[in-house]
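Undergrad: I would like the atomic coordinates for the input below:
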Amino acid sequence: MKIDWSALGSVFGVSLAVTVALVAVFTLGITGLSRRERAAAQGDSAALAVTGAYACFAACAAAVAYGIYLIVA
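TA: Below you'll find the predicted structure:
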C-alpha cells in the first residue's frame, strides 16, 4: 500500500481553509445580529445588519448542504 502524501496534505489544507472561512462567515452573522440588538436598544433601525446576518447564515447553510452533497454523491 502506498499513501499519496501530497494528496492527503492537499485535502487537509483545503479542509482547514474551508473550516476557518465558515467560522468567519458565521461570526459575521452573529456580529450582525448583535448590532441589531444594539440598534433596537437605541431605537435605531438596523435593517442592513440583519440582512447581512441572514446572508451570512444562508451562506453557511449552503456550504454545509454542499458538503453533505459531496459526501453523499
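Undergrad: Which residues lie in contact with residue 39 in this structure?
TA: Contact partners of residue 39, counting by C-beta atoms under 8 Å, 6 or more residues apart in numbering, are 45, 46, 49. Heads up, the C-betas are built off the backbone N, CA and C, glycines and all.
Undergrad: On the three-state scheme, it is what?
TA: Secondary structure assignment for residue 39 (DSSP: H, G, I helix; E, B strand; the rest coil): helix.
Undergrad: where's it relative to residue 45, distance?
TA: Plainly put, residue 39 is 7 Å away from residue 45 if you go by C-beta to C-beta, to the nearest Å.
Undergrad: again, but for residue 28
TA: Following C-beta to C-beta, the distance that separates residue 28 from residue 45 is 19 Å.
Undergrad: Please apply the same query to residue 18.
TA: Between residue 18 and residue 45 the distance, using C-beta to C-beta, works out to 34 Å.
Undergrad: got it, and residue 8?
TA: For residue 8, the distance to residue 45 under the criterion C-beta to C-beta works out to 50 Å.
Undergrad: follow-up on the earlier one: now the contacts of residue 39: which count as buried?
TA: When neighbours are counted using 16 or more other C-beta atoms under 10 Å, the contacts of residue 39 contain these buried positions: 46, 49.
Undergrad: which strands and helices sit next to the helix or strand containing residue 64?
TA: Counting by DSSP states H and E, the secondary-structure element that holds residue 64 is helix 47-72. If contacts are counted by 3 or more C-beta pairs under 8 Å, 6 or more residues apart in numbering; DSSP states H and E, helix 47-72 sits against helix 5-42.
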